[in-house]
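Undergrad: Can you look at this prediction? I've put the sequence above it.
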Amino acid sequence: MNIVASDFFKLRWNLAILVLAAIAGVAMVMGSKRLVTQTETTQRQLSAQQREIRAKLSRARDEEQEMRGKITLYRQLVDRGVIGQEERLDWVEQIARIKSARRLLDLQYDLSPQKAIDETLLPGSQVADGYEFMASTMKLRMSLLHENDLLGFLADLRQAVHAHLLVRDCALGRAASAASERGLPAQLSAECTIDWITLREKKK
């Protein structure tokens, strides 16, 4: 079949429509690709924003929990009278009272001047800005009939005084066989290092 120029003239509108349709198809494909790309980009951005929001919510929950912990610890310290100035006179009186009540054989101690301590040494010690932990270190020496004398003394002391007692170390050994104030020979000797910890407002 032979196609002559007159045939192209007759088909010119059809060909034009076909060309336009092809151009429109290509444009639609390219537009679709761009739309897909934009959609994927938007989806990635939304996912990133969602992760960021979740992270912020998680941090907010952690901060809230930390603040609740600080408030709880602060209230506990207030209830125990740990916040404020040292009450050394009361400490001395309580030591003498417990020694007498428990009829301890012998008890001697030296209490060093107060100084600031590293608050990281205390678990959960981050209470609030504007406060600092202070400690006075006591060197304790005791003559004991048995180890329960030491344990009972420390337990009574923790209950009686307005301070947090942190026992750094304790060493027990055999005592020299000498008569005590109670007429009984001491069986053990103990040497302990104890921090008397209080919380006070930082000086400005």
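TA: Sure, I can see it.
Undergrad: Could you say which helix or strand holds Leu165?
TA: Secondary-structure assignment from DSSP states H and E places Leu165 in strand 164-174.
Undergrad: Which positions in that strand come out as buried?
TA: By 16 or more other Cβ atoms under 10 Å, the buried positions in strand 164-174 come out as His164, Cys170. Glycine gets a C-beta too; all of them are placed from N, C-alpha and C.
Undergrad: quick one: contacts of it?
TA: With contacts defined as Cβ atoms under 8 Å, 6 or more residues apart in numbering, strand 164-174 is touched by 77, 80, 82, 121-122, 135, 137, 144, 147, 150, 154, 157-158, 187-198.
Undergrad: let's see 10 Å
TA: For strand 164-174, the surrounding residues in contact (Cβ atoms under 10 Å, 6 or more residues apart in numbering) are 76-77, 80, 82, 117, 121-122, 125, 133, 135, 137-138, 140, 142, 144, 147, 150-151, 154-155, 157-158, 186-199.
Undergrad: counting contacts, what elements does the very next helix or strand once past that strand pack onto?
TA: Read in the C-terminal direction, the helix or strand following strand 164-174 is strand 188-201, with elements assigned using DSSP H and E. With contacts defined as 3 or more Cβ pairs under 10 Å, 6 or more residues apart in numbering; DSSP states H and E, strand 188-201 has these neighbours: helix 12-79, strand 106-111, strand 131-144, helix 147-160, strand 164-174.
Undergrad: how does it look with 6 Å?
TA: When contacts are defined as 3 or more Cβ pairs under 6 Å, 6 or more residues apart in numbering; DSSP states H and E, strand 188-201 sits against strand 131-144, strand 164-174.
Undergrad: May I see those arranged in CSV, with mean pLDDT and distance to Arg88 as well?
TA: Converted to CSV, these look like this (pLDDT from 0 to 100; distance: least, Cβ to Cβ, whole Å):
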stretch, mean pLDDT, distance to Arg88
strand 131-144, 89, 8
strand 164-174, 89, 14
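Undergrad: which neighbours does the strand holding Leu165 have in its sheet, and in what orientation?
TA: strand 188-201 (antiparallel) (DSSP bridges).
Undergrad: where does the protein dip in pLDDT?
TA: Using pLDDT under 70 as the threshold, the predicted model of the chain has low-confidence ranges 1-16, 19, 67, 69-71, 73-81, 118-129, 177-184, 204.
Undergrad: okay if I get the helices and strands packed on strand 188-201 as CSV plus distance to Arg34?
TA: CSV is the format used below for those (distance: least, Cβ to Cβ, whole Å):
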stretch, distance to Arg34
strand 131-144, 60
strand 164-174, 67
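Undergrad: if we compare those, which one ends up closest to Met30?
TA: With Cβ to Cβ as the criterion, Met30 lies closest to strand 131-144 of these, at 66.2 Å.
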